[in-house]
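Q: For reference, the sequence and a predicted model appear below.
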Number of protein chains: 2
Amino acid sequence: MRDVAVIGVGINKWGELWEHSLRDIYVDAALKAIDDAGVDHIDSMYVGCMSSGLFVAQEHLSSLLSDYMGMSGIPTTRVESACASGGLAIRSAFLEVASGMSEIVLAGGVEKMNDVDGGGATYALATAADQEYEAYNGVTFPGLYALIARAHMEKYGTTREQMAHVAVKNHANGALNPEAQFPMKITLDTVLNSVAVADPLRLMDCSPVTDGAAAVIVCSLEMAKKLGKNAPVRIAGSGMGTDTIALHSRSDMTFLNSTAVAAEKAYAMAGGVGPRDIDVTEVHDCFTIAEICVTEALGYFEKGQGGPAAASGATARDGQFPINTSGGLKSKGHPVGATGTAQVVEIVKQLRGEAGDRQIKGAKRGLTQNMGGTGGSSVVHILEAD
Amino acid sequence: MRDVAVIGVGINKWGELWEHSLRDIYVDAALKAIDDAGVDHIDSMYVGCMSSGLFVAQEHLSSLLSDYMGMSGIPTTRVESACASGGLAIRSAFLEVASGMSEIVLAGGVEKMNDVDGGGATYALATAADQEYEAYNGVTFPGLYALIARAHMEKYGTTREQMAHVAVKNHANGALNPEAQFPMKITLDTVLNSVAVADPLRLMDCSPVTDGAAAVIVCSLEMAKKLGKNAPVRIAGSGMGTDTIALHSRSDMTFLNSTAVAAEKAYAMAGGVGPRDIDVTEVHDCFTIAEICVTEALGYFEKGQGGPAAASGATARDGQFPINTSGGLKSKGHPVGATGTAQVVEIVKQLRGEAGDRQIKGAKRGLTQNMGGTGGSSVVHILEAD
């Protein structure tokens, strides 16, 4: 396998984009990435999207999106692993370039969630859970993550305040991100006094429903150096792991095994690096408790220490492990299929030194963690400034 | 890129499988393929599925299916390109093994179409068309292929009888396939007197709504020889192409450009072979007119000669180009996400000499062509007995 690098990134302002269609927002992000990379063509494309079928009654994105980009003809594949679809698009593009099949590949992610009809966004999202057991019995994702939160509180003494710290920190970061859907700062009180959604989770513990897209251009490291427009960011490690789809099938609801498996592979592929070698991280904070569990599964903190760590400031921009400088899913928004791709966009900006007011000084190595469902699948990437 | 081979195949009896769930039929086919290959593990998995979200309200198949196979942990990716999803799963597995990332990969396809609620199967399938133009204006796939048929008749003089010959031939083949959904022989009169669906297409021009799954095991050719259980079938060529998603955007509705693009790439990768080098072929006959157009796009016949060729017997088992020995989508059934995978299952059986009464004697090289929508995407593979 040959070395692969990211040479271009594109994203648009996320939010409730009533005046734009799925195809519009995807093409906008994709063309921005192509422009940023300075390439005149792409050899193929991967699109991460969770459920354009249920959200906007449109499958066959491979044809639709290459068509609307004016690139009909190129091989294009849509990949899906619920909310980990965007990270999976990156991994698929990485594999295609690493294999030698293609030289320049676009990996994009998109979800248009607001103009859903039928059962609404919560119904569509529940298809990431086990339909015949979890969804059939009426539980949706706020309920499932509430179960995780309650189990974490019981087992480790994690507190409501510790979870609230995750939201406050991510909104503080998102306030510095022009693309964020909810770029306002909030306080602990905002979170603790927000309306209850599924006890113990409150509204401000939950990521929003978002329309958005993101895209990156990957190519061989050799080609990246030849092109020379941007400093290449090498994909040093890529790992994917799965777990039982149903939360109730796991021996420990508080530990995200798919993330641990994916991280182990990515750390090894990157030459045996570990948490202490990572300068900046984007994780999948679909709910505040998720970020706490993820930091433990990645090995940043011991099991049960994710909550105290969040409260201590260890994951803030000036902490030991700066996490979600983009604002994370909580503040930047969570268009499910685009989230994993946007995480890589943020890390590439950080490693290029182009992250503006939220720049982590001297960041040389970053990690992204993207997951589907309650962690039924996870994708982890390690990126390095070349 | 290293050489890649198919070493195991699995399929189940297709039809209206009311007593089995999507997960049941997929796991059955997947475990059969693993058993056929004689391997004790797989490194990763690709699942082709068009719209489990709309059909059975279940996304996140990566987690669900590795879980129900008892293989939680392994990297698993669902790929989608409408009815070309199954072929795309094969291509993705091929790339992963060719890249050196994995050694033994399962590529499967599945669709559970009969127990759909909501708008029904036709509504779900229409999401493979352009939702904002074609589907919005009420046209569904029988109507779109009827437009192609009418244009082909006007331009080339193709006749209703020529189209009917495709159905008669495919049912004659399907009658010899124990897995086929509709394994009955039919006559020209059966087709010509069947109920009109969308003029000029009649019921017996259309493939059915089907529940089914299929799976293959791919590995490096080197590993295949080491394992030694089955004669390896080499994936000599893999091509994918796209076209405009909307039929009305094309300059010539009768020519399947995505298939031509995909075939050109596959022929080249296989060392410059062409139609005359192919002993047995499986094509995407979702409607009888589709098979006629595909044989022209693959270069088997000149433009406009697909109809007369079908009527002449050139595509029968004893013809120059035996096509759809499995029965094709028409007789075997068309569980959309599984179709492309099942095509490879059939060709592998032919190249191993295990196709029973429908065996093409001495077949050494086969081709599969799988497409999405009205040809918005196509995947072509060339397989060779090693």
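A: The structure has been received and is ready for your questions. Please read all numbers here as calculations on a predicted model, not as lab measurements.
Q: my guess is residue A:32 meets residue A:216, correct?
A: No - with contact defined as C-beta atoms under 8 Å, residue A:32 and residue A:216 do not form a contacting pair (10.4 Å). Glycine gets a C-beta too; all of them are placed from N, C-alpha and C.
Q: between those two, what contacts are shared?
A: Common neighbours of residue A:32 and residue A:216, using C-beta atoms under 8 Å, 6 or more residues apart in numbering or on different chains, are A:9-10.
Q: Among the two, which residue is more densely surrounded?
A: residue A:216 (32 against 19; other C-beta atoms under 10 Å in any protein chain shown).
Q: Surely the more buried one is within a strand?
A: Yes - membership of residue A:216 in a strand is supported by DSSP: H, G, I helix; E, B strand; the rest coil.
Q: Bridged to it, which residues?
A: residue A:9, residue A:107 (DSSP bridges).
Q: Could you measure from it over to residue A:348?
A: Separation of residue A:216 from residue A:348 (C-beta to C-beta, to the nearest Å) stands at 7 Å.
Q: go on, residue A:271?
A: 20 Å.
Q: Between those two, point out the one with more neighbours.
A: residue A:348 (26 against 11).
Q: and that one, what does it touch?
A: Contacts of residue A:348 (C-beta under 8 Å, 6+ apart): A:6, A:9, A:216, A:233, A:383.
Q: Report the separation between the residue nearest the centre of chain A and residue B:290.
A: Nearest to the geometric centre of chain A sits residue A:340, at 2.9 Å (C-alpha atoms, centre = their mean). From residue A:340 across to residue B:290, the span is 36 Å (C-beta to C-beta).
Q: Over to residue A:352?
A: Residue A:352 is 48 Å from residue B:290, by C-beta to C-beta.
Q: Of the two, which one has the most company?
A: residue B:290 (27 against 17).
Q: Rounded mean pLDDT for the one helix or strand that one maps to, please.
A: Applying DSSP states H and E as the criterion places residue B:290 in helix B:288-297. The average pLDDT within helix B:288-297 is 98.
Q: what packs against it?
A: In terms of contacts (3 or more C-beta pairs under 8 Å, 6 or more residues apart in numbering or on different chains; DSSP states H and E), helix B:288-297 is packed against helix B:141-156, helix B:160-174, helix B:257-269, helix B:306-312, strand B:365-372.
Q: Could you export that helix as CSV, keeping only the C-alpha atoms?
A: Only the C-alpha atoms of helix B:288-297 are listed here, as CSV (Å, rounded to 0.1, in the frame of the first residue of the first chain):
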residue,chain,number,x,y,z
THR,B,288,-36.5,-7.1,-21.5
ILE,B,289,-35.5,-3.9,-23.4
ALA,B,290,-32.7,-3.4,-20.9
GLU,B,291,-31.0,-6.7,-21.9
ILE,B,292,-31.2,-5.6,-25.6
CYS,B,293,-29.6,-2.2,-24.8
VAL,B,294,-27.0,-3.7,-22.6
THR,B,295,-25.8,-6.2,-25.2
GLU,B,296,-25.3,-3.2,-27.5
ALA,B,297,-23.4,-1.1,-24.9
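Q: If you compare the directions of that helix and helix B:257-269, what angle comes out?
A: 40 degrees (axes from the mean of the first three to the mean of the last three C-alpha atoms, to 10 degrees).
Q: Show me what counts as buried in helix B:288-297.
A: B:288-297 (16 or more other C-beta atoms under 10 Å in any protein chain shown).
Q: Among the residues you listed, which one lies nearest to chain A?
A: Distance to chain A, by C-beta to the nearest C-beta, is smallest for residue B:297 among the buried residues of helix B:288-297, at 13.5 Å.
Q: My read is that the closest one contacts residue B:261, right?
A: No - counting by C-beta under 8 Å, residue B:297 does not reach residue B:261; the two are 9.1 Å apart.
Q: who does the helix or strand containing residue A:281 touch, helix- and strand-wise?
A: With secondary structure defined by DSSP H and E, residue A:281 is part of strand A:280-282. The contact analysis (3+ C-beta pairs under 8 Å, 6+ apart) places strand A:280-282 against helix A:336-352, strand A:365-372.
Q: So what touches it?
A: Here strand A:280-282 has contacts from A:298, A:300, A:321-326, A:328, A:343-344, A:346-347, A:350-351, A:360, A:363, A:365-369, using C-beta under 8 Å, 6+ apart.
Q: Stretch A:259-270 now?
A: Around stretch A:259-270, the neighbours that count as contacts under C-beta under 8 Å, 6+ apart are A:236-243, A:273-274, A:294, A:297-299, A:367, A:369, A:371, A:375, A:378-382, A:384, B:73.
Q: Keep only those of those that are in helices.
A: Under the assignment DSSP state H, the contacts of stretch A:259-270 contribute A:294, A:297 to helices.
Q: what residues are shared contacts of residue A:216 and residue A:348?
A: A:6, A:9.
Q: I'd like the helices and strands packed on strand A:280-282 as JSON lines, with distance to residue B:116 and mean pLDDT appended.
A: Below are the helices and strands packed on strand A:280-282 laid out as JSON lines (distance: least, C-beta to C-beta, whole Å; pLDDT from 0 to 100):
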{"stretch": "helix A:336-352", "distance to residue B:116": "23", "mean pLDDT": "98"}
{"stretch": "strand A:365-372", "distance to residue B:116": "23", "mean pLDDT": "98"}
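Q: sorry, back to before: turn the helices and strands packed on helix B:288-297 into TSV, columns for mean neighbour count.
A: Converted to TSV, the helices and strands packed on helix B:288-297 look like this (neighbours: other C-beta atoms under 10 Å in any protein chain shown):
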stretch	mean neighbour count
helix B:141-156	20
helix B:160-174	24
helix B:257-269	23
helix B:306-312	23
strand B:365-372	30
